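S.K.: task: produce atomic coordinates for the following.
(chains A and B)
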Amino acid sequence: DAMVIQNPRYQVTQFGKPVTLSCSQTLNHNVMYWYQQKSSQAPKLLFHYYDKDFNNEADTPDNFQSRRPNTSFCFLDIRSPGLGDAAMYLCATSRLGEQYFGPGTRLTVT
Amino acid sequence: KNQVEQSPQSLIILEGKNCTLQCNYTVSPFSNLRWYKQDTGRGPVSLTIMTFSENTKSNGRYTATLDADTKQSSLHITASQLSDSASYICVVSARHSGAGSYQLTFGKGTKLSVIP
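M.R.: Numbers count the residues shown, from 1 in each chain, chains lettered A, B, ... in the order given. Now for the predicted structure:
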């Protein structure tokens, strides 16, 4: 059974065209994370929600925004994607320190 | 600064052979250490999770060890299979003080290739 679901799995967008990636969970976890992972690199935390409290990493560009309308859903908005934003975007949830990752969305910027 | 170092960076082994991957960390305050397997183009999947008091934990052909004194962990893969080809990532968790969230520090991973 899918526990952390990300849609779409592959997303192609044009340079500068806003794009939204979505994540949903069936685990009822209170914490949700968004990570950016570039090829052969470790995932880099962009931000996380602890319930409704938004926590942005200090080095996350303003170009990246997030919304969490309810416990189950979390969105990553990239306002003006650049070529350097092409990456795998991973959503994760956690409760009591155990993290579960989604399958990721591969973003291509043309 | 919290850091996780993994070695080797990449490894090629023959099918059926054993291998051991290493993880050294400087993370405080330590909460737990996890090994993930990440197939190309997929999200990480948890293999093992160990807390401070646990020295070893097995999951099928995967056995992880933890030495909290030296801050080292290893992942041993027995009788490797072609499907073991993936990146193996060591992740150490530190608990944020006064909150229920955790800060994760990721290693860069070891890319394992199992060849026939």
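
S.K.: and for residue B:1, the neighbour number?
M.R.: 5 (other Cβ atoms under 10 Å in any protein chain shown). Placement of C-beta: from N, CA and C, glycine included.

S.K.: now do the contacts for it.
M.R.: Contacts for residue B:1 (Cβ atoms under 8 Å, 6 or more residues apart in numbering or on different chains) come out as residue B:26.

S.K.: one more: the one 5 residues further on?
M.R.: With contacts defined as Cβ under 8 Å, 6+ apart, residue B:6 is in contact with B:21-24, B:88-90, B:107-110.

S.K.: what is the least confident helix or strand in chain A?
M.R.: Counting by mean pLDDT, DSSP states H and E, chain A has its least confident helix or strand at strand A:98-101, which shows a mean of 84.

S.K.: follow-up on the earlier one: please convert the buried members of the contacts of residue B:6 into ChimeraX selection syntax.
M.R.: Only the buried entries of the contacts of residue B:6 go into this ChimeraX selection, using 16 or more other Cβ atoms under 10 Å in any protein chain shown:
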select /B:21,23,24,88,89,90,107,108,109,110
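
S.K.: nearest to chain A, of the contacts of residue B:6?
M.R.: Chain A lies nearest to residue B:108 out of the contacts of residue B:6, by Cβ to the nearest Cβ, at 4.9 Å.

S.K.: name the SS class of that closest one, please.
M.R.: coil (DSSP: H, G, I helix; E, B strand; the rest coil).

S.K.: would you confirm that it contacts residue A:39?
M.R.: No - using Cβ atoms under 8 Å, residue B:108 is not in contact with residue A:39; the gap is 11.6 Å.

S.K.: relative to chain B, how far out is the most centrally placed residue in chain A?
M.R.: Closest residue to the average C-alpha location of chain A: residue A:34 at 3.4 Å, with Cα atoms, centre = their mean. Going from residue A:34 to chain B by Cβ to the nearest Cβ, to the nearest Å gives 12 Å.

S.K.: residue A:47 now?
M.R.: Taking Cβ to the nearest Cβ, one finds residue A:47 at 11 Å from chain B.

S.K.: and that residue, how many neighbours?
M.R.: So residue A:47, with other Cβ under 10 Å, has 18 neighbours.

S.K.: and it, what pLDDT?
M.R.: What the model reports for residue A:47 is a pLDDT of 91.

S.K.: what's across from it in the sheet?
M.R.: residue A:34, residue A:56 (DSSP bridges).
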